[in-house]
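*Asks:* Build me a model from this:
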Amino acid sequence: MYVVVDCPRCRGLFIKKLEWRSGTCPYCGCRVRLRPGAYRAFKSLGEARAFMVRMRGR
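*Replies:* Okay, here's the model as predicted:
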């Protein structure tokens, strides 16, 4: 399962696997902890990428 995470520092979106509790933002290097409700989960990487494209297009 993959999640789309919103970085609290730079507001950038990035994708990571749900099995890890935290991740590092590739844009600013901030450590982001995954908390329930703070991310969107998807079953496949393709679905997560499509969601990011829609969110960046706004």
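*Asks:* contacts, neighbours, all on C-alpha from now
*Replies:* OK.
*Asks:* Quick one: the strands in this protein, in order.
*Replies:* Under the criterion DSSP state E, the chain contains strands at 2-6, 13-17, 22-24, 31-33, 39-42.
*Asks:* could those go into JSON lines alongside mean neighbour count and mean pLDDT?
*Replies:* Rendered in JSON lines, the data for the strands of the chain read as follows (neighbours: other Cα atoms under 10 Å; pLDDT from 0 to 100):
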{"stretch": "strand 2-6", "mean neighbour count": "21", "mean pLDDT": "89"}
{"stretch": "strand 13-17", "mean neighbour count": "18", "mean pLDDT": "89"}
{"stretch": "strand 22-24", "mean neighbour count": "16", "mean pLDDT": "87"}
{"stretch": "strand 31-33", "mean neighbour count": "15", "mean pLDDT": "89"}
{"stretch": "strand 39-42", "mean neighbour count": "16", "mean pLDDT": "87"}
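*Asks:* Adding distance to residue 53, write those out as JSON lines.
*Replies:* Converted to JSON lines, the strands of the chain look like this (distance: least, Cα to Cα, whole Å):
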{"stretch": "strand 2-6", "distance to residue 53": "11"}
{"stretch": "strand 13-17", "distance to residue 53": "10"}
{"stretch": "strand 22-24", "distance to residue 53": "20"}
{"stretch": "strand 31-33", "distance to residue 53": "21"}
{"stretch": "strand 39-42", "distance to residue 53": "14"}
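*Asks:* Show me the one of those strands that comes nearest residue 51.
*Replies:* Closest of the strands of the chain to residue 51 is strand 2-6, at 8.2 Å (criterion: Cα to Cα).
*Asks:* Check which helices and strands the closest one is in contact with.
*Replies:* Judged by 3 or more Cα pairs under 8 Å, 6 or more residues apart in numbering; DSSP states H and E, the packing partners of strand 2-6 are strand 13-17, strand 39-42, helix 45-56.
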